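>>> Just to be clear, the model below is a prediction. Sequence and coordinates:
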Amino acid sequence: MRIAVFAGDGIGPEVTEQAVRVLEKLGLPGLELVEGDVGGMAYRKHGHPLPQATLDIARGADAILFGAVGDFSCDNLERHLRPEQAILGLRKELGLFANLRPARVFPGLEHLTTLRREVAETIDLLIVRELNGDVYFGEKGIRTLPDGRRQGWDMMSYAEDEVRRIARAGFDAAMTRGRRLCSVDKANVLETSQLWRDVVIEVSAEYPEVELSHMYVDNAAMQLVKNPGQFDVIVTGNLFGDILSDQASMCVGSIGLLASASLAEGSFGLYEPIHGSAPDIAGKGLANPMATILSAAMLLRHSLGMEAEAARIEAAVARALADGINGGDLGGSAGTREIGDAVVERL
Ligand SMILES: NC(=O)c1ccc[n+]([C@@H]2O[C@H](COP(=O)([O-])OP(=O)(O)OC[C@H]3O[C@@H](n4cnc5c(N)ncnc54)[C@H](O)[C@@H]3O)[C@@H](O)[C@H]2O)c1
Ligand SMILES: CC(C)[C@H](C(=O)O)[C@@H](O)C(=O)O
Ligand SMILES: [Mg+2]
């Protein structure tokens, strides 16, 4: 079992270190961890945010544990050299099209959310975000119009096969949970979303047991705050999923708690917290590593088939939270290392 570990920039190495300690504590026989460079640190060392050597490590692994990339000192670089291209490149190169971002309130921690307790208690949702298409990967540029004005443009598009496979991922996920799927789009304005909606409806014929609904993204943002308990699985495009998942993280307490799995066809996947490199707290030992630790649990479950070990990690995180081990993001005072210690002890 080979896991590639790409820690990246900012708080990436801090939170990844704790997730690696947790994996090592499990004492899994035959587990091999191979580190690789990504992001701004890779650009500084190798002149590229996603060096070929890193891609080779990724391709030779069963799964990837990813920290975060992003470094504001790289903002003036040409886009293809910026740190974020490392994660976008891995997603595209490795065909990681289905991004699962679960959000649920840990029992007894309803007071940590920004919502009323009785609203927070109801949250147990999964965002299934498409990860290989949309405005993220369309042609883009900044051009000068004939009248001399500069114009920025990014092409939004989805081909029907791209929608079909993420719709199936959404329906499949719904079948393992509450059998309700809400497809979020902007079909009242965007042709891309109209095709999205048509294809999702087509695919729904394959899943008669799943109750399908549709919601415009602006309403979905509002409903996530008003009544998040109504959602079981949300399936949506790359951009809307990016935004709604950060929002969902505050419904459950903090972005420092939200893990994710980015899956290809088959068992291969990349696992990362949904947050970024958090330059404002980097290097201070303040970052909450729980999202990365929970991502490691998702890795064991989805890519290595180790349900029991994944559940052990999740239980240890829940216990640490219930025992009052809260990072600054949750209004507590526990630092990165202390939170890692707390989870390791509870394993
Ligand atoms: N997948 C990724 O690698 C990824 C994801 C998101 C953003 N980014 C990049 O990260 C950089 C910073 O972006 P941003 O500031 O918009 O988003 P961010 O997620 O890095 O941080 C947003 C806010 O949340 C806080 N935060 C994030 N993670 C936390 C944690 N684990 N514990 C406690 N607090 C935490 C930060 O301190 C900050 O105040 C940018 O370069 C961005 O492109 C990368
Ligand atoms: C860093 C950025 C490219 C990335 C995204 O937009 O997908 C991030 O925000 C995320 O949510 O993983
Ligand atoms: Mg994001």
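Arrived safely, thanks for sending. Ligands and ions are numbered 1, 2, ... in the order given.
>>> ok, and the closest non-adjacent residue to the closest residue to ligand 1 within the stretch 101-250 of the chain?
At 7.4 Å from ligand 1, Asp246 is the closest residue in the stretch 101-250 of the chain, using CB to the nearest ligand atom. To be clear about C-beta, it is placed using only N, CA and C from the backbone, and glycine gets the same treatment. In space, and not counting its chain neighbours, Asp246 is closest to Ile255: 6.3 Å by CB to CB, 6 or more residues apart in numbering.
>>> Quick check: phi and psi at that neighbour.
When quoted as degrees, to the nearest 10, the phi and psi of Ile255 stand at phi -70, psi -20.
>>> on that earlier part again, Validate this expectation: the residue of the stretch 101-250 of the chain closest to ligand 1 resides in a helix.
Yes: assessed with DSSP: H, G, I helix; E, B strand; the rest coil, Asp246 lies in a helix.
>>> so where do the helices sit in the stretch 1-150 of the chain?
For the stretch 1-150 of the chain, helices defined by DSSP state H, counting those that start in this stretch occupy the ranges 12-25, 40-46, 52-59, 84-93, 117-120.
>>> mind checking pLDDT for the residue of the chain most remote from its centre?
For the chain, the largest distance from the centre (CA atoms, centre = their mean) belongs to Asp147, which lies 41.7 Å off. Note on Asp147: pLDDT of 98.
>>> And Gly108, by the same measure?
At Gly108, the pLDDT value in this model is 69.
>>> before we move on, the earlier item: could you check how far the residue nearest to Asp246 is from Gln247?
Shown here: Ile255 relative to Gln247, a distance of 10 Å by CB to CB, to the nearest Å.
>>> okay, the two: which has more neighbours?
Ile255 (20 against 16; other CB atoms under 10 Å).
>>> so who does the more buried one touch?
The neighbours of Ile255, taking CB atoms under 8 Å, 6 or more residues apart in numbering as the test, are 246, 249, 273-275, 291, 329.
>>> Just the buried residues of these.
249, 273-275, 291, 329 (16 or more other CB atoms under 10 Å).
>>> can you list those residues in JSON lines and add pLDDT?
Below are the buried ones among the contacts of Ile255 laid out as JSON lines (pLDDT from 0 to 100):
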{"residue": "Ser249", "pLDDT": "93"}
{"residue": "Pro273", "pLDDT": "98"}
{"residue": "Ile274", "pLDDT": "97"}
{"residue": "His275", "pLDDT": "98"}
{"residue": "Ala291", "pLDDT": "98"}
{"residue": "Asp329", "pLDDT": "93"}
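>>> State the pair within those residues that is farthest apart.
Using CB to CB, the pair of the buried ones among the contacts of Ile255 lying farthest apart is Ile274 and Asp329, separated by 13.0 Å.
>>> Just list the residues touching Ala68, thanks.
Counting by CB under 8 Å, 6+ apart, Ala68 touches 8-12, 15, 39, 272-273, 275-278.
>>> Sitting in strands, which of the residues you listed do you find?
8, 272-273 (DSSP state E).
>>> Which residue is it, in the stretch 201-347 of the chain, that comes closest to ligand 2?
Nearest residue of the stretch 201-347 of the chain to ligand 2 (CB to the nearest ligand atom) works out as Asp242 at 4.4 Å.
>>> From ligand 2, how far out is the closest residue to that residue other than its chain neighbours?
In this structure, Asp242 finds its nearest non-sequential neighbour in Arg129, 6.9 Å apart by CB to CB, 6+ apart. Going from Arg129 to ligand 2 by CB to the nearest ligand atom, to the nearest Å gives 8 Å.
>>> Burial check on Arg129, number of neighbours?
Neighbour count for Arg129, taken as other CB under 10 Å: 29.
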